[in-house]
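Novice: Next one to model:
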Amino acid sequence: MKRANSARLPGLDTLRAVAIVAVMLYHLESFLPERMTAVAQFGWMGVDLFFVLSGYLIGTQLLRPYSTGEKPSIWEFYRRRAYRILPAYLVVLWLYFAFPAWRESPALPPLWQFLTFTVNLLFVDFSHHAFSHVWSLCVEEHFYLVLPLLVIWLMRRPSLRKTVLVIGAVVLFGICYRGYELLPLIAPSGWSGRGVSDDFGTFYYRYLYYPTYSRLDGLVVGVTLALVRLFRPGWWEWMTSRGHEALVLGLALTGSVCWMFRNDGMADATKIAAWGTLVGYPLLAAGLGLLVVSSVSSNGWLSRFHVPGAKLLATLAFSLYLTHKEVAHLDRTYLPSLTEARDAKTVVIYAMTCLLVAALLYGFVERPFLILRDRFERKKTQSVDVEMLREPAL
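Specialist: Alright, predicted model coming up:
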């Protein structure tokens, strides 16, 4: 057990805790004190941080065997992902369909869309249906499905040039796709793309924010970090020996993206918002990637300090992600006297109830299935909590 704990990286716990808190603040912004709006409006970036973490951690899992001359088992990888994701997700999905009172919104897409993780690829109005936040889990599932196949293909004849071309092509595709969709806003008069609708917010989320093929920047940056760590150890040592610089530069890049998306740019049909969408996502991914480097560095602040509560939030991150919107809805429905005012008391109520439900889901569903997975693979079950903290939260 001591060995497992020695492998703990508190910086990654901190980033995961920041990511889930940011996502929760963003989703609950309209019910929180107005003084929190300045921070909550950028909470959507927490999802991008999850993407970078997933790319780094999953990429490391898949690529490490190649660094030692072995090959990973693709079926073992899919099985481990299934144990990690499906039990808690299916329980929450069952609650949505079995108990309408659980839903934060009356409308709900058909079950097959959730079971096939295609909700974010279909042209639905996410602003008016329940469990809308599952779009990011769909992105993660598509990533889990495709990355092992891509790795196998690339590692048949490993080449730095080919790898760089693939990474560059994915990032460039995202920029070009978003640029095409936003041509009416960023191009001179006379150009046209699909055509931005009058309801820019709906257009934005439907075609630019939710689809997997538009949101690959964070995942690509994370996988790139894993590649450097495993196959360019000299580069990795140079990067991780500069934790302070990585933190400062990462915060600077992230701050520049906040400026691009200021004044709720994602729902604002302006040239600034359009250009931010075009280049902001790769810049944000790069900035968050530098924060990940700092969190695993040998001398960075993120890697040296244990933030109180970070380990708990990191452990419960997936359960919090699945349930926080529904729990807040139940709070407003059944505890109106405690949640009607947008004050500190409301924040405490939301925090306590969300943590309680997440702890129940983790304790009765997530953790038992992780232990079952490890027993199936004949691993030591007492290290499951530490091990899962080195896995993606989504």
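Novice: what bits of the stretch 201-350 of the chain have low per-residue confidence?
Specialist: Residues of the stretch 201-350 of the chain that meet the criterion pLDDT under 70 lie in 263-273.
Novice: can you give me the helices for it?
Specialist: Using DSSP state H, counting those that start in this stretch, the helices of the stretch 201-350 of the chain run over 217-231, 233-240, 243-260, 271-295, 301-304, 310-315, 317-334, 336-339, 344-361.
Novice: mind putting those helices in CSV, mean neighbour count and distance to L49 included?
Specialist: (Each C-beta comes from the backbone N, C-alpha and C, glycine too.) Shown next, in CSV, are the helices of the stretch 201-350 of the chain (neighbours: other C-beta atoms under 10 Å; distance: least, C-beta to C-beta, whole Å):
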stretch, mean neighbour count, distance to L49
helix 217-231, 23, 7
helix 233-240, 14, 18
helix 243-260, 17, 9
helix 271-295, 23, 5
helix 301-304, 18, 12
helix 310-315, 20, 12
helix 317-334, 22, 11
helix 336-339, 13, 28
helix 344-361, 17, 18
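Novice: List just the one of those that sits closest to V134.
Specialist: helix 317-334 (8.2 Å; C-beta to C-beta).
Novice: In terms of secondary structure, what does the closest one contact?
Specialist: On a contact count with 3 or more C-beta pairs under 8 Å, 6 or more residues apart in numbering; DSSP states H and E, helix 317-334 meets helix 10-27, helix 74-98, helix 336-339, helix 344-361.
Novice: swap the cut-off to 7 Å and go again
Specialist: Helices and strands touching helix 317-334, as assessed by 3 or more C-beta pairs under 7 Å, 6 or more residues apart in numbering; DSSP states H and E, comprise helix 10-27, helix 74-98, helix 344-361.
Novice: quick one: buried residues of the longest one?
Specialist: When burial is assessed from 16 or more other C-beta atoms under 10 Å, helix 74-98 yields the following buried residues: 77, 80-81, 83-85, 87-89, 91-93, 95-96.
Novice: Can I get stretch 335-344 in PDB? Just the C-alpha atoms.
Specialist: Listed next in PDB are the C-alpha coordinates belonging to stretch 335-344 (Å, rounded to 0.1, in the frame of the first residue of the first chain):
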ATOM      1  CA  LEU A 335     -35.800  22.500  -0.400                       C
ATOM      2  CA  PRO A 336     -37.100  25.700  -1.800                       C
ATOM      3  CA  SER A 337     -36.800  27.700   1.400                       C
ATOM      4  CA  LEU A 338     -33.100  26.800   1.600                       C
ATOM      5  CA  THR A 339     -32.200  27.400  -2.000                       C
ATOM      6  CA  GLU A 340     -34.400  30.200  -3.200                       C
ATOM      7  CA  ALA A 341     -31.900  32.900  -2.200                       C
ATOM      8  CA  ARG A 342     -28.700  33.100  -4.200                       C
ATOM      9  CA  ASP A 343     -26.400  33.400  -1.200                       C
ATOM     10  CA  ALA A 344     -23.700  31.500   0.700                       C
END
